[in-house]
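>>> only the shape, not the letters, is given here:
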């Protein structure tokens with residue numbers, strides 16, 4: 001029924017252009033009949049005897065020579081799991097809902113159908129969630145991230161809506177007077193508590209006070225019909241809210257709307273929203289299911305928390321008072337949806353998933369284990385991991401990755417890879433025993449400025465990986481500082497004996513490694529793996545600016561600091577320098593916490609010392625969005641290395657405050673001398689650097705060529721790793 005039915009039938013209809021598809025329906029009725037009307041090859045199996053059902057299914061599979069079984073729903077999952085076992089062909093399932101809640105209304109069905117479905121799911125090969133949230137649900141419940149995919153609904157944007165009745169005539173028929181002068185918002189849905197249409201009526205009652213020509217149409221029917229109509233009457237909205245009943249002509253209904261609303265407490269990725277987008281409606285939706293993926297808040301629509309009446313009324317007022325902006329939002333949303341959520345893109349993704357399932361190979365020790373400082377919420381470390389995974393996947397599409405992380409579940413959900421807790425030695429070694437390659441890096445792991453304990457842990461992992469049979473590579477690393485003599489000797493001894501290949505991210509690390517005496521392993525100067533990461537799409541960046549209350553027309557200076565020794569004494573210097581930049585150049589200070597938990601108190605402390613009114617980046621953003629945000633600034637002053645890397649990569653002038661050799665090393669590598677040692681920091685130096693950096697006409701042209709060269713160097717990381725992937729390929733067997 002509903003969206004699941006539309007998903008299956010539209011998918012099969014389009015898939016039939018690319019493959020031989022047969023639909024098996026385990027129930028007669030409307031679903032099978034509608035499939036027949038679409039010309040789909042459908043067979044109904046409904047013997048009221050599961051043994052006969054499975055025999056009939058097996059006969060069809062045997063006769064048709066089918067290569068993949070694709071299941072939708074509980075009974076199909078059970079049947080598919082049995083057929084998979086018999087025929088040894090891959091079976092995948094699409095998860096349209098939380099399978100634990102499917103039979104909540106019946107204890108008997110929950111204990112029979114629900115329990116059988118939960119067991120059957122564990123015997124299928126791959127799982128497709130119709131939103132990322134459903135895919136995440138499966139991963140949280142222990143399903144292997146490498147067998148879980150996302151496939152968002154898609155519609156045919158090439159077929160244009162054909163309203164049967166003109167907008168004004170339709171609105172007149174509902175009782176809307178002078179419809180040409182009205183801004184119309186609306187929703188078509190079941191009148192069920194989960195749709196929470198009452199929130200729309202209450203928010204509309206607030207908005208209409210300042211928006212007299214706003215009108216609301218609520219199409220649909222259901223158990224809450226009397227309640228909703230009574231609520232509208234109670235709020236004295238009879239001449240402004242209209243109930244046309246169940247909507248059979250959606251094209252005409254949507255053509256009448258300027259703004260489509262979604263107020264659901266829970267959703268997946270409803271087709272009704274895509275149909276509204278195709279009709280040119282602007283969108284205001286609750287931030288549920290796949291809506292945050294579709295809508296970039298403030299850029300191409302608005303999101304609000306379920307039951308937040310004030311937020312919804314505020315968004316309605318904004319769209320009413322800013323018709324040009326509303327139309328721009330609708331246009332941008334249409335462009336995004338038609339590009340990413342078309343029927344063609346959905347089918348292409350489905351075929352890609354089939355290809356992955358069909359060509360999946362088992363490789364002895366086929367895994368790659370990655371060790372680094374991951375899972376702590378640090379934007380720089382997240383960027384390194386993102387880059388590492390991307391480069392590995394580009395090199396070997398069959399590669400499976402396991403990451404040692406402080407937060408394994410978060411890492412699994414964020415990157416769709418396997419993960420074990422960094423300090424769980426038993427799981428770490430188990431992962432190594434399944435791996436052909438162990439990557440130490442990126443980041444600066446071989447250093448003792450944090451502690452000797454940290455250094456010896458990472459040295460231990462290198463030894464353990466080598467003894468477990470892995471090839472060992474230090475990938476895009478920084479080295480040092482390693483200050484204690486014993487630590488330097490231990491580091492050189494381990495690296496010389498247990499590391500097969502090294503790529504380093506800056507010349508200073510090359511020198512440090514040589515000075516330690518770690519010279520036996522082949523070493524290449526590369527660059528930080530994050531240098532080739534791209535900024536997010538413009539709409540995502542615009543959404544971030546909107547959420548933060550930032551104006552893209554203003555000029556910002558990003559300040560990315562961290563806590564360090566005697567920071568209280570330095571905070572005033574940084575605050576004064578930011579005020580200077582604001583007073584002289586009109587740069588608004590934007591304080592950027594790169595590691596949110598640790599850096600936010602630092603940012604607030606600096607902000608409290610400023611005369612100007614700084615902004616603090618308070619939201620949590622992924623790596624690409626963070627790069628995009630920093631790309632929009634005019635100048636970056638940072639202690640955090642990856643704030644400098646992100647900025648320089650986008651040709652934004654950067655000023656470094658070197659609390660660690662890695663900061664000085666990067667600034668030397670890019671050939672930009674605006675870097676001061678942390679202990680020497682004073683106002684005059686920082687003021688002089690700001691004067692030198694801001695408006696540097698030569699910076700952009702110079703750094704385009706510099707960054708092009710360094711980005712080419714970065715490719716040495718994956719080029720060096722390829723030899724280990726080639727060795728693995730020789731051992732691959734199906």
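Received, thanks. Owing to the predicted nature of the structure, the values given are computational and were not obtained by experimental measurement. Numbering: from 1, shown residues only.

>>> and stretch 298-308, how far apart are its ends?
End-to-end distance of stretch 298-308 (CA to CA, to the nearest Å): 17 Å.

>>> try stretch 467-483
Distance between the two ends of stretch 467-483: 28 Å, counting by CA to CA.

>>> so residue 506 sits right up against residue 480, yeah?
No - if you go by CB atoms under 8 Å, residue 506 and residue 480 don't touch, sitting 10.3 Å apart. (Each C-beta comes from the backbone N, C-alpha and C, glycine too.)

>>> looking at those two, which is more packed in?
When residue 506 and residue 480 are compared for neighbours, residue 506 comes out ahead with 26 against 23, by other CB atoms under 10 Å.

>>> give me the nearest residue to that one, chain neighbours excluded.
Leaving out its chain neighbours, the residue that sits closest to residue 506 by CB to CB, 6 or more residues apart in numbering is residue 665, at 3.8 Å.

>>> I figured the one you found was touching residue 504, is that so?
No - under the criterion of CB under 8 Å, residue 665 makes no contact with residue 504, lying 9.5 Å away.

>>> where do the contact lists of these two overlap?
Taking CB atoms under 8 Å, 6 or more residues apart in numbering as the contact criterion, the common neighbours of residue 665 and residue 504 are residue 478.

>>> pull out the buried residues from stretch 35-53.
Across stretch 35-53, burial judged by 16 or more other CB atoms under 10 Å covers 35, 40, 42, 44-45, 53.

>>> among those, which are in strands?
Counted as lying in strands by DSSP state E, out of those, are 42, 44.

>>> which one of the buried residues of stretch 35-53 sits closest to residue 718?
Closest approach to residue 718 among the buried residues of stretch 35-53 (CB to CB): residue 40, at 44.4 Å.

>>> check contacts around the closest one.
Residue 40 neighbours (CB under 8 Å, 6+ apart): 9, 12-13, 16, 21, 23.

>>> okay, now the domains of the protein?
The chain breaks down into these domains under automatic domain parsing: 2-150, 167-341, 361-525, 538-711.

>>> please enumerate the helices of the stretch 101-250 of the chain.
Ranges of helices within the stretch 101-250 of the chain are 107-109, 115-121, 132-140, 167-174, 197-207, 225-234, 250-255, based on DSSP state H, counting those that start in this stretch.

>>> circling back to that earlier point, roughly how far does the residue nearest to residue 506 sit from residue 479?
9 Å (CB to CB, to the nearest Å).

>>> who has more neighbours, the two?
Neighbours per residue (other CB under 10 Å) separate residue 665 from residue 479, with residue 479 holding more: 30 against 26.

>>> rewinding a little: overlap in contacts of residue 665 and residue 479?
Jointly contacting residue 665 and residue 479 under the rule CB under 8 Å, 6+ apart are residue 509.

>>> what's the burial count for residue 529?
By other CB under 10 Å, the residues close to residue 529 number 28.

>>> quick one, what contacts it?
Shown in contact with residue 529 (CB under 8 Å, 6+ apart): 384, 387-388, 391, 441-442, 475-476, 505, 714, 717.

>>> returning to that earlier point: hang on, the residue nearest to residue 506 in a helix?
Yes - counting by DSSP: H, G, I helix; E, B strand; the rest coil, residue 665 is located in a helix.

>>> pLDDT score for it?
Listed pLDDT for residue 665 reads 93.

>>> could you do the one 5 residues further on as well?
Residue 670 carries a pLDDT value of 90.

>>> ok, how many other residues are close to it?
If you count neighbours by other CB under 10 Å, residue 670 ends up with 23.

>>> equivalent analysis for residue 160, please.
Residue 160 has 9 neighbouring residues, counting by other CB under 10 Å.

>>> where's it relative to residue 96, distance?
Residue 160 is 28 Å from residue 96, where distance means CB to CB.

>>> returning to what we had before: quick one: closest of the domains of the chain to residue 352.
Minimum separation from residue 352 across the domains of the chain (CB to CB) falls at domain 2-150, 8.7 Å.

>>> now the strands: where do they sit in the stretch 601-734 of the chain?
615-616, 635-638, 654-658, 675-677 (DSSP state E, counting those that start in this stretch).

>>> you'd agree residue 121 is up against residue 77?
Yes - shown here, residue 121 and residue 77 form a contact pair, counting by CB under 8 Å, at 6.0 Å.

>>> neighbour-wise, which of the two wins?
Legend: neighbour count by other CB under 10 Å for residue 121 and residue 77, higher for residue 77 (24 against 21).
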